[in-house]
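Trainee: Build the 3D model from these lines:
(one chain, ligands or ions: 1)
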Amino acid sequence: MKRYLVSFAGIVGAIIVILALVVATGVYNVAADDAHTAVVYNLIETARDRSIAVRAANVAVPELSDPQRIRRGAGNYNSMCAGCHLKPGGGKTEISRGLYPIPPELARVTNIDPARTFWVIKHGIKSTGMPAWSKSMEDPYIWDMVAFLKRLPAMSADEYAAEVRASGGHSHGGGETMSENRESAGHSHNDEESAEGEHSHNDNSHSHDDSDEGEPASHEHVPPTTPAGTDQNLANTAGDAVATVKAFHAAMSSGNAAQVVAMLDPKVLIMESGNVERSRQEYASHHLPADMKFMRAIRYRLQRQTGDAVGDLAWVASEASLAGELSGEPMDVVSTESLVLKKTARGWKIVHIHWSSRDATKA
Ligand code: HEC
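Mentor: Presented below is the predicted three-dimensional model:
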């Protein structure tokens, strides 16, 4: 017996010496672009899974099927997670390409375990790039995210974009931070482009989300219910331009892409809550299909319109309520839109659009 103990101690000692040598010589490569050996990978994976399982065992799972909850999760996922975990219809991002372990593409993970997922989102995973979101998100918001992740694999790119758009954007912490929601549809394109070297897009959209946190007051600027209709001055000074705007909304709602495109100047600059599209062609091939699908699904009700025209330039600002059902779920959004139009030989053309929106059910 004693002999066995001695040789056992010897083996353990040898292992410790080998491990110490591996550490001291720096022979093990910690580079993120070099995969673990199979042994190390399995060891880490098992340790991680057991560690999470033990800690998630006591997590009580709340009701997760509430569509509002799923929608709020969508907005936050798009601003905080999609850069690493990707989104339906979007390609890989610069960050996701470089991380090791590779972040799972959550739109493909169909066996979400709610307690485990909650625990991981809340506490993060050491040395992996997966952050602990408890520092910035309270539990109910993390549960929104879990509810959303359960639904995500069943969502098409369009449904995803529509949910994000209707979500009220980026909201967490006390729920006080809300960004406009239209931005979301475009992130997939931005991310793809940035991977090709256009860094500004990606950076812009992020700084937008963040800067919103710095100015919560901006959400209080939305006017209370105002008398409906078009401002009389506008009808007098910019009657034709207003007719073009009306036709533009009608073409969007009826899904007539050719008509929409015909009203846009080739160099139209379109800003959607921090995202920018710089030509008619870019818009037609990126956001337009999703925007039209969205407009077709909801009822557009103009609340208030104002603007003016000077010479060949006009501006028309519209506040509208967008309500209806998208993918079987109720949606109620306040949309604000500013259009700049230019008179050409072929009528008024839209040269600039600025869109933003917010969840109408929130103050
Ligand atoms: C900076 C990149 C990054 C961001 C941002 C990020 N994650 Fe992760 N996440 C990772 C990585 C890397 C892993 C894989 C960790 C591993 O394999 O051990 C991971 C793993 C996960 C997992 C799988 C856990 C499991 O069951 O094994 C979930 C779920 C997850 N993240 C959710 C989220 C959510 C929700 C957000 C946004 C609130 C988010 N992540 C933001 C990098 C990120």
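
Trainee: contacts, neighbours, all on C-alpha from now
Mentor: Noted.

Trainee: Does residue 357 belong to a helix, a strand or coil?
Mentor: Assigned with DSSP: H, G, I helix; E, B strand; the rest coil, residue 357 falls in the strand class.

Trainee: right, and it touches residue 332 too?
Mentor: No: here residue 357 does not reach residue 332: they are 10.3 Å apart, not a contact under CA atoms under 8 Å.

Trainee: higher neighbour count, those two?
Mentor: residue 357 (26 against 19; other CA atoms under 10 Å).

Trainee: I'd like to know how many residues surround the spatially closest residue to that one that is not a sequence neighbour.
Mentor: Closest residue in space to residue 357, ignoring its immediate chain neighbours: residue 335 at 4.2 Å, by CA to CA, 6 or more residues apart in numbering. A count of nearby residues for residue 335, using other CA under 10 Å, gives 23.

Trainee: Please tell me how far residue 335 sits from the ligand.
Mentor: 26 Å (CA to the nearest ligand atom, to the nearest Å).

Trainee: my guess is that residue is in a strand, correct?
Mentor: Yes: applying three-state DSSP, one finds residue 335 inside a strand.

Trainee: Does it touch residue 323 like I think?
Mentor: No: the pair residue 335 / residue 323 is not scored as a contact, 10.3 Å apart, by CA under 8 Å.

Trainee: what residues are shared contacts of those two?
Mentor: Here residue 335 and residue 323 have no joint contacts, going by CA atoms under 8 Å, 6 or more residues apart in numbering.

Trainee: what does the domain assignment say about the chain?
Mentor: 2-56, 67-215, 232-359 (automatic domain parsing).

Trainee: Least confident of those, on average?
Mentor: Lowest mean pLDDT of the domains of the chain: domain 67-215, a mean of 76.

Trainee: Work out for me the element residue 110 sits within.
Mentor: Per DSSP states H and E: residue 110 is located in neither a helix nor a strand.

Trainee: Could you number the chain from 22 rather than 1 from now on?
Mentor: Taking 22 as the first residue, the last one we looked at is residue 131.

Trainee: So the residue lying closest to it once chain neighbours are set aside versus residue 61, what's the distance?
Mentor: In space, and not counting its chain neighbours, residue 131 is closest to residue 174: 6.1 Å by CA to CA, 6+ apart. Residue 174 sits at a distance of 30 Å from residue 61 (criterion: CA to CA, to the nearest Å).

Trainee: which of these two has more neighbours?
Mentor: For residue 174 versus residue 61, neighbours defined as other CA under 10 Å are more numerous around residue 174 (19 against 11).

Trainee: phi, psi of that one?
Mentor: In terms of degrees, to the nearest 10, the main-chain angles of residue 174 are phi -60, psi -20.

Trainee: do the one 5 residues further on as well
Mentor: The main-chain torsion angles of residue 179 are listed as degrees, to the nearest 10 and equal phi -70, psi -40.

Trainee: quick one, what contacts it?
Mentor: residue 311.

Trainee: how far away is it from residue 313?
Mentor: 11 Å.

Trainee: Can you give me the neighbour number for residue 101?
Mentor: Residue 101 has 15 nearby residues by other CA under 10 Å.

Trainee: Work out the sheet partners of the helix or strand hosting residue 360 and label each with its direction, please.
Mentor: When elements are assigned from DSSP H and E, residue 360 belongs to strand 350-365. The sheet places strand 350-365 alongside strand 334-347 (antiparallel), strand 368-380 (antiparallel), with pairing taken from DSSP bridges.

Trainee: just how off-centre is the longest one within its chain?
Mentor: Using CA atoms, centre = their mean, to the nearest Å, the mean C-alpha position of strand 334-347 is found 22 Å from that of the whole chain.

Trainee: Could I get the buried residue list for it?
Mentor: 334-345, 347 (16 or more other CA atoms under 10 Å).

Trainee: measure the residue nearest to residue 334 when sequence neighbours are not counted to the ligand for me?
Mentor: Nearest in space to residue 334, with sequence neighbours left out and distances taken as CA to CA, 6+ apart, is residue 363 at 4.7 Å. Here the criterion is CA to the nearest ligand atom. By it, residue 363 lies 42 Å from the ligand.

Trainee: With residue 292 instead?
Mentor: In terms of CA to the nearest ligand atom, residue 292 sits 25 Å off from the ligand.

Trainee: Can I take it that that residue is in a strand?
Mentor: Yes: the assignment for residue 292 by three-state DSSP puts it in a strand.

Trainee: Not counting sequence-adjacent ones, nearest residue to it?
Mentor: residue 375 (4.8 Å).

Trainee: Likewise for residue 289?
Mentor: residue 372 (4.4 Å).

Trainee: Quick one: neighbours of the one you found, just the number.
Mentor: 23.

Trainee: Please identify the helix or strand for residue 311.
Mentor: Counting by DSSP H and E, residue 311 is found in helix 309-318.
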